[in-house]
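Asker: this one's structure only:
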DNA sequence: AATGTTAATTTAAACGTTTAAGCATTATTT
DNA sequence: AAATAATGCTTAAACGTTTAAATTAACATT
């Protein structure tokens, strides 16, 4: 790579010190009282030489990189893909860029990614925490590093977060099924202590209890391993007595739909189904799937804004819980 | 943020110059002949103080950031999401990180993203070029910046690229339809001069011509604008005479399936359909959709490897064309 | 004429690394 | 004993910025 034009080159050509060039390039010519015609000459030469500031040097000096570290479970998952795009755009509007890492829901990977990103001096994090990230999150707090959790949070730790009102989401979905006359309603969830999962299960449970259906409460819990999901899902959809299933995540919904297809089950005749998060597949399944939709745009934008406020020194924690929207179709 | 431990702090504590610390931290203690016990003391203190090197400083000094700029059309699109994930992993294995930008197929955006990334001194790019990126690509060449194009390339410009054998892909798909007895086979493609689109159309055309069906050749061309796609797609699927459609991209396939659903058309009774790129939706559509699959893993890995070779000084261009796989289902 | 004020510019340090070059000291060869 | 080599370390510059402080020049005020 040909070496790039630096502030020195401009200074030399104009016959002036680098300080002046820096002032002008940063629009501080008024504040620093740089002479009118010097300003012009610097601007002109910078233009001629096609000067672009070296952000690395700038970052080293200023101690700030205008970079956000974004850690998601898996960027290949469209749910996180969408969120990332929204975050990217909102960051870009504020002159930040995003460096990206996928944790695969593995707390060792998220820890390793945060360290790598910190070595690169990111100004803060947007983190989708994995199970067991409590320590990581606590250590970020201890080191006074700005961050905001999205999608999930830790009730015992006082952090910024922007999440869905998960309890309300599954409560509403379950209630809809009850209103349709279902009694034996199941929730299929991950075997996870993460708060969003706990809350989704609690929403389902509470809806059942509130309608005096506690005896029918049944939460099928699955470990997040590919083979296991498939086997367990087959078992679950095969059970004759099931009247309805609420899936607790998008991947579980998809896996469930695959199982339903595999086992030649007919929705809504055999039982009802409600999915989680939007997905094109929900539209093409027959019948189209009723699902709980998250306000991704709001979550992403808010997360960036909160993060930037904290990067800029805000101390009080911002904790946002956003409402879901039940998209009503023919599967439940 | 509490200020981090630097090499100076270690040097001070051990009572030695920063040079030695640097050597040890970079595993050059043999080469630079650092004393055995000094090495140990430096290691110990670094550990105690929990030293992590500041990559920004390192980058400034070395002129290399171990960062790849990845520009895709839209990270929210699972096709690019998958590819990004593969690239992220392969980069990570080589100690590189990825900074990400979405161009929205807009050549002004890709130009602006490349500049922003260059200011941050990325070592090279993996670029999914947009229509009109010829200039951008040429300017990267002129400035001697390492990059590799994926998914698309410019036949007139000698660059690295890793792409699908697009011609073979649609040739094969079209031929399958012809073998099934179809004559009036359409291709639905974007109105784009990008090479992958041109090649996909050419593959279709050639398959038709080779079977003496040139009189039936019909390429429906659509501009990549949301409303237009919807309207045109409705028109296209409504035409009675159509016997089969080959969609030229994943988004077109999905849009086509939506139109088919909207217009209450039955596949394969009304006509056959072959889609492009895998998608869960293809599995849930009834019937499951036959589609052209790209070897994403190979594309992503190869792209990273080629890029790293060029970052490390290789001069000759690497141009890779990978074969597609036709996933045969019941829609065509 | 001395002093103070203001405006315009330069100087130089700092950010945290890397690394070529230099300098002692000790060991080996002649 | 002198010359040479090997060992182990330090010095200091460099990367490209930013910015507080110093300097200079011009002008205004006594």
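Answerer: Now that the structure is in, tell me what you want to look at. Only a predicted model underlies this, so the values are computations on that prediction, with no experimental measurement involved.
Asker: from here on, contacts and neighbour counts on C-alpha atoms
Answerer: Will do.
Asker: how close does residue A:234 get to residue A:222?
Answerer: Distance of residue A:234 to residue A:222, computed by CA to CA, to the nearest Å: 12 Å.
Asker: show me what contacts the residue nearest to residue A:121 when sequence neighbours are not counted?
Answerer: Nearest residue to residue A:121 in three dimensions, chain neighbours excluded: residue A:65, at 6.5 Å (CA to CA, 6 or more residues apart in numbering or on different chains). For residue A:65, the contacting residues are A:55-56, A:58-59, A:121-123, by CA atoms under 8 Å, 6 or more residues apart in numbering or on different chains.
Asker: can you check the pLDDT for residue A:65?
Answerer: pLDDT, residue A:65: 97.
Asker: could you pull up phi and psi at it?
Answerer: Main-chain torsions, residue A:65, degrees, to the nearest 10: phi -110, psi 0.
Asker: same check, this time on the one 5 residues further on
Answerer: Geometry field for residue A:70 lists phi and psi as phi -110, psi 120, criterion degrees, to the nearest 10.
Asker: hmm, residue A:103 and it touching each other?
Answerer: No. Counting by CA atoms under 8 Å, residue A:70 stays clear of residue A:103, with 10.2 Å between them.
Asker: so which of the two has more stuff around it?
Answerer: More crowded of residue A:70 and residue A:103, by other CA atoms under 10 Å in any protein chain shown: residue A:70, with 25 against 22.
Asker: before we move on, which element is residue A:219 in?
Answerer: strand A:218-222 (DSSP states H and E).
Asker: show me the helices in chain A, by range?
Answerer: In chain A, the helices defined using DSSP state H lie at A:7-14, A:18-25, A:36-48, A:55-62, A:78-93, A:107-119, A:134-142, A:166-179, A:195-210, A:226-238, A:250-262, A:280-284, A:296-311.
Asker: of those, which is nearest residue B:28?
Answerer: When these are compared by CA to CA, helix A:107-119 sits nearest residue B:28, at 20.4 Å.
Asker: and the closest one, what does it pack against?
Answerer: Applying 3 or more CA pairs under 8 Å, 6 or more residues apart in numbering or on different chains; DSSP states H and E, we find helix A:107-119 packed against strand A:67-72, strand A:97-102.
Asker: the last one to helix A:107-119, inter-axis angle?
Answerer: I take that to be strand A:97-102. 160 degrees (axes from the mean of the first three to the mean of the last three CA atoms, to 10 degrees).
Asker: give me the contacts around strand A:97-102.
Answerer: In contact with strand A:97-102 (CA under 8 Å, 6+ apart) are residues A:66-75, A:88, A:91, A:110, A:113, A:117, B:85, B:88, B:97-100.
Asker: same thing with the first one?
Answerer: With CA under 8 Å, 6+ apart as the test, strand A:67-72 has contacts from A:80, A:84, A:91, A:96-104, A:110, A:113-114, A:117, A:122-129.
Asker: quick check on those: which are buried?
Answerer: A:80, A:84, A:91, A:96-103, A:110, A:113-114, A:117, A:122-129 (16 or more other CA atoms under 10 Å in any protein chain shown).
Asker: now residue A:303: how far from DNA strand D?
Answerer: 27 Å (CA to the nearest atom of the strand, to the nearest Å).
Asker: so who does the residue lying closest to residue A:198 once chain neighbours are set aside touch?
Answerer: Once flanking residues are discounted, residue A:198 sits nearest to residue A:192: 7.6 Å by CA to CA, 6+ apart. With contact set as CA under 8 Å, 6+ apart, residue A:192 has these partners: A:131, A:198, A:223.
Asker: contacting residues for residue A:91?
Answerer: Listed by CA under 8 Å, 6+ apart, the contact partners of residue A:91 are A:68, A:97-98, A:304.
Asker: circling back: would TSV of the helices and strands packed on helix A:107-119 with distance to residue A:279 be doable?
Answerer: Below are the helices and strands packed on helix A:107-119 laid out as TSV (distance: least, CA to CA, whole Å):
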stretch	distance to residue A:279
strand A:67-72	18
strand A:97-102	20
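Asker: closest one to residue A:213 among those strands?
Answerer: Minimum separation from residue A:213 across these (CA to CA) falls at strand A:67-72, 36.7 Å.
Asker: mind listing the strands the closest one pairs with, and their directions?
Answerer: Within its sheet, and counting by DSSP bridges, strand A:67-72 is paired with strand A:97-102 (parallel), strand A:124-127 (parallel).
Asker: quick one: low-confidence ranges for the stretch 1-150 of chain A?
Answerer: A:1-2 (pLDDT under 70).
Asker: DNA strand C contacts on that one?
Answerer: Residues of the stretch 1-150 of chain A found near DNA strand C (CA under 7 Å from any atom of the strand) are A:15-20, A:32-36, A:38, A:57-58, A:60-63.
Asker: and of the contacts of residue A:91, the nearest to DNA strand C?
Answerer: Using CA to the nearest atom of the strand, residue A:68 comes nearest to DNA strand C of the contacts of residue A:91, at 18.8 Å.
Asker: number of nearby residues for that closest one?
Answerer: Residue A:68 has 26 nearby residues by other CA under 10 Å.
Asker: near chain B, which residues of the stretch 1-150 of chain A?
Answerer: Residues of the stretch 1-150 of chain A lying close to chain B (CA under 8 Å from any CA of the partner chain) are A:1-2, A:52-57, A:59-60, A:74-78, A:80-85, A:88, A:97-102, A:119-121, A:143-145.
Asker: now, of those residues, which are buried?
Answerer: A:52-57, A:59-60, A:74-78, A:80-85, A:88, A:97-102, A:119-121, A:145.
Asker: and stretch A:209-228, how far out from the chain's middle?
Answerer: With CA atoms, centre = their mean, to the nearest Å as the basis, stretch A:209-228 stands 25 Å off its chain's centre.
Asker: just the endpoints, please. Distance across it?
Answerer: Criterion CA to CA; first-to-last residue distance in stretch A:209-228 is 30 Å.
Asker: contacts for it, please.
Answerer: Here stretch A:209-228 makes contact (CA under 8 Å, 6+ apart) with A:183-192, A:201, A:205, A:208, A:229, A:232, A:236.
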